[in-house]
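# model the structure of this input:
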Amino acid sequence: MKLFKILSVLLLSLSVSSAYADKIQVGFIYVGPVGDHGWTYMHDQGRIMAEEHFGDDITTTYVESVKYGPDAERVMTQMAMNGVDIIFATSFGYMEQMLNVAKKFPNVKFEHATGYKTADNMSVYSSKFYEGRYVQGVIAGHMSKEGKAGYIASFPIPEVIRGINAFYLGATSVNPDFDIDVVWVNTWYDPAKEADAAKALINQGADIITQHTDSTAPLSVAEELGIKGFGQASDMISFAPNTQLTSIIDQWGPYYIKRIQAALDGTWESSDTWGGMDTGMVEMAPMTNMPKDVADIAIKITKQINDGELDPFDGKFTVGELLGMSKYLPGIDAPNPN
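Numbers count the residues shown, from 1 in each chain. This next block holds a predicted model:
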């Protein structure tokens with residue numbers, strides 16, 4: 001009887017230990033605050049979705065507003081030393097730091113958003129945001145009375161330049177004389193700076209505002225001054241109910257669930273993911289504050305892109321050229337990004 005009890009205790013102990021061992025820790029590193037209601041907010045929504053999906057099988061942790069450089073490398077190193085099994089760094093500027101830390105912790109899995117460098121234990125993932133920007137450009141071409149949009153850009157990296165070019169292609173498909181004014185603010189998240197850029201662009205004659213920055217400030221300025229604009233990364237309609245035409249919505253949750261599941265299953269491998277509308281990683285918010293015929297056109301184009309019937313760049317660039325895009329397309333008269 002005693003032997004049976006001892007064996008039962010041992011089996012229970014092994015079962016508990018095994019269950020604990022199967023539980024993994026997941027870390028997220030954010031470039032902005034989770035309350036930016038844009039880029040970082042949507043990554044954190046993805047983290048929350050993963051938590052809800054896996055329940056007690058995972059624990060998650062995050063650090064927000066992490067600066068590029070030594071701060072980022074320190075945070076990643078600390079996570080790895082604390083036993084985090086898979087780390088997601090959610091901004092382009094973390095690439096070199098993540099690569100350095102990945103070399104030091106070969107048993108930890110690393111995932112870098114919007115970069116292009118990989119290692120045996122480091123993957124990259126991104127979305128084809130430019131697909132949504134093309135749709136926005138088409139809408140702008142129809143809606144702008146002045147034939148001019150103001151574009152608030154963050155940093156001159158391929159992701160941002162692709163977006164400017166795609167927006168321009170969409171707008172000029174409607175109005176060949178359409179013009180874009182670009183202001184580079186050299187920040188992802190600085191509401192005051194973004195608001196000042198929006199005001200400057202409007203003063204220069206733009207009657208449509210769009211952005212590749214993370215706060216709701218540009219859209220709020222557009223709302224205050226009575227012009228139209230586009231949200232960024234999430235549906236920002238609540239901040240500009242009379243202004244937002246639509247917004248690109250970044251959907252990260254399914255990707256995080258897929259990669260965490262692979263880590264749990266022991267099937268995780270380094271990979272390169274670049275998903276678009278067809279994968280659900282890029283969605284469009286409802287078309288609002290525009291005539292029905294314009295909304296119908298935008299919805300039709302969105303479906304064509306989703307179905308693979310329309311390529312914003314018309315197949316003129318290879319995947320490598322798109323990923324490394326560093327110059328404006330001919331016709332864009334704006335400050336040189338480089």
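# so who does residue 118 touch?
Going by Cβ atoms under 8 Å, 6 or more residues apart in numbering, residue 118 touches 124, 270-272. All C-beta atoms are positioned from the backbone trio N, CA, C, and that covers glycine.
# and residue 249, what element?
Element membership of residue 249 [criterion: DSSP states H and E] is strand 244-250.
# what's next to that strand, contact-wise?
In contact with strand 244-250 (Cβ under 8 Å, 6+ apart) are residues 39, 42-43, 127, 129, 132-133, 135-136, 139-140, 143, 219, 228-237, 281-290, 298.
# of these, which belong to strands?
Under the assignment DSSP state E, these contribute 127, 228-231, 282-284 to strands.
# most neighbours out of the residues you listed, which is it?
In terms of neighbour count, residue 229 stands highest of those at 32 neighbours, by other Cβ atoms under 10 Å.
# bridged to it, which residues?
Residues in a beta bridge with residue 229, per DSSP bridges, are residue 209, residue 244.
# ok, it - contacts?
208-211, 218-219, 222-223, 240, 243-245.
# hey, which helix or strand in the chain has the poorest pLDDT?
Ranked by mean pLDDT, DSSP states H and E, the weakest helix or strand in the chain is helix 2-22, scoring a mean of 40.
# pull the CA atoms of the next helix or strand along the chain from that helix into PDB?
Heading C-terminal from helix 2-22, the first helix or strand you meet, by DSSP H and E, is strand 24-29. In PDB, the C-alpha atoms belonging to strand 24-29 read as follows (Å, rounded to 0.1, in the frame of the first residue of the first chain):
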ATOM      1  CA  ILE A  24       6.600  28.400 -22.600                       C
ATOM      2  CA  GLN A  25       7.300  32.000 -22.000                       C
ATOM      3  CA  VAL A  26       6.800  34.500 -24.800                       C
ATOM      4  CA  GLY A  27       8.300  38.000 -24.800                       C
ATOM      5  CA  PHE A  28       7.400  41.000 -26.900                       C
ATOM      6  CA  ILE A  29       9.500  44.200 -27.400                       C
END
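# run through the neighbouring helices and strands of strand 24-29.
helix 39-54, strand 58-63, helix 70-81, strand 86-89, helix 253-265 (3 or more Cβ pairs under 8 Å, 6 or more residues apart in numbering; DSSP states H and E).
# now that strand: average pLDDT?
When pLDDT is averaged over strand 24-29, the result is 98.
# please apply the same query to stretch 247-257.
98.
# pLDDT score assigned to residue 185?
Value for residue 185, per-residue pLDDT: 96.
# still on that earlier bit, where's the strand holding residue 249 relative to the chain centroid, distance-wise?
12 Å (Cα atoms, centre = their mean, to the nearest Å).
# tell me the angle of it relative to helix 39-54?
Strand 244-250 runs at 50 degrees relative to helix 39-54, counting by axes from the mean of the first three to the mean of the last three Cα atoms, to 10 degrees.
# on that earlier part again, nearest to residue 115 among the contacts of residue 229?
Using Cβ to Cβ, residue 211 is the member of the contacts of residue 229 that lies nearest residue 115, at 21.6 Å.
# correct me if wrong: the closest one contacts residue 160.
No. Counting by Cβ atoms under 8 Å, residue 211 does not reach residue 160; the two are 10.3 Å apart.
# pick out whichever of the two has more residues nearby.
More crowded of residue 211 and residue 160, by other Cβ under 10 Å: residue 211, with 30 against 23.
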